[in-house]
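**Q** quick one, structure for this:
(chains A and B)
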Amino acid sequence: NAGVTQTPKFQVLKTGQSMTLQCAQDMNHNSMYWYRQDPGMGLRLIYYSASEGTTDKGEVPNGYNVSRLNKREFSLRLESAAPSQTSVYFCASSERRGGNYGYTFGSGTRLTVV
Amino acid sequence: GENVEQHPSTLSVQEGDSAVIKCTYSDSASNYFPWYKQELGKGPQLIIDIRSNVGEKKDQRIAVTLNKTAKHFSLHITETQPEDSAVYFCAPRRTASKLTFGTGTRLQVTL
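**A** Okay, the predicted model is just below:
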């Protein structure tokens, strides 16, 4: 039982390049999330998907797009990477939409934009 | 939205001592109060949580206490060990909303 799997673990992009971060969970969770983590700023929500077929903006959505491909997979796309998007990105899932259940996080993708 | 503050931002204790981290929140409708532990190079992991109808919850060496009137809750770690060294985040929420994470507390347990 792998939990939440993120790929890649590390990535270096040049300014203006695009890429997609992949996330998959095997716990049959309804809700999935993308966070970014910057030093001294905790985790900030980029986008989330309360259930398959729905996506919504979080606190810092600018410069990102998401796709909930199916119940298992939730991808994050950077269309034109900028140095300000250098961060560690975490995907998470939770058991029930609206329910007070803990989140399960992946191990993160460390992205550097030069 | 929810405003969340954690104190202290860094905490250094000797092995065997206790550590307490406090989380203050602004949304009086918050009803779920979890704590997450993040080890170096890993994602956050839920270690303990409490609902608003409970004042205290304990799980071995860790405990969480809640003061809804004052809008704060605290993480207590007793008999600290080197493996407790990590960054700890609180993340209060109300029903049907997303977790709002605090900025984290770096705990260092020294030998």
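**Q** can you tell me the SS state at A:Ser84?
**A** helix (DSSP: H, G, I helix; E, B strand; the rest coil).
**Q** so which residues on chain B come close to chain A?
**A** Applying CB under 8 Å from any CB of the partner chain, we find that chain B lies next to chain A at B:1, B:31-32, B:34, B:41-46, B:49, B:51, B:89, B:93, B:95-96, B:98-99, B:101-104. Every residue, glycine included, has its C-beta placed from N, CA and C.
**Q** where do the strands sit along chain A?
**A** A:4-7, A:10-13, A:19-25, A:31-37, A:43-49, A:56-57, A:64-68, A:74-78, A:87-94, A:103-105, A:109-113 (DSSP state E).
**Q** so where's the chain uncertain?
**A** Because you didn't say which chain, this covers chain A. Residues of chain A meeting the criterion pLDDT under 70: A:1, A:96-100.
**Q** chain B was what I was after
**A** B:1, B:96.
**Q** try 50
**A** Of all residues in chain B, none has pLDDT under 50.
**Q** give me the residue from it nearest chain A.
**A** B:Gly43 (3.2 Å; CB to the nearest CB).
**Q** burial of that residue, as a residue count?
**A** Neighbour count for B:Gly43, taken as other CB atoms under 10 Å in any protein chain shown: 23.
**Q** what's the answer for B:Val54, then?
**A** Neighbour tally, B:Val54, other CB under 10 Å: 12.
**Q** give the contact list for it.
**A** The neighbourhood of B:Val54, defined by CB atoms under 8 Å, 6 or more residues apart in numbering or on different chains, consists of B:Leu66.
**Q** rewinding a little: and the gap between the closest residue to the residue of chain B closest to chain A other than its chain neighbours and A:Asn28?
**A** Spatial nearest neighbour of B:Gly43, excluding adjacent residues (CB to CB, 6 or more residues apart in numbering or on different chains): A:Phe105 at 3.2 Å. A:Phe105 is 17 Å from A:Asn28, where distance means CB to CB, to the nearest Å.
**Q** on that earlier part again, for the strands of chain A, which one sits closest to B:Glu5?
**A** Closest of these to B:Glu5 is strand A:43-49, at 14.8 Å (criterion: CB to CB).
**Q** quick one: the closest one to strand A:74-78, angle?
**A** Our comparison of strand A:43-49 with strand A:74-78, counting by axes from the mean of the first three to the mean of the last three CA atoms, to 10 degrees, yields an angle of 120 degrees.
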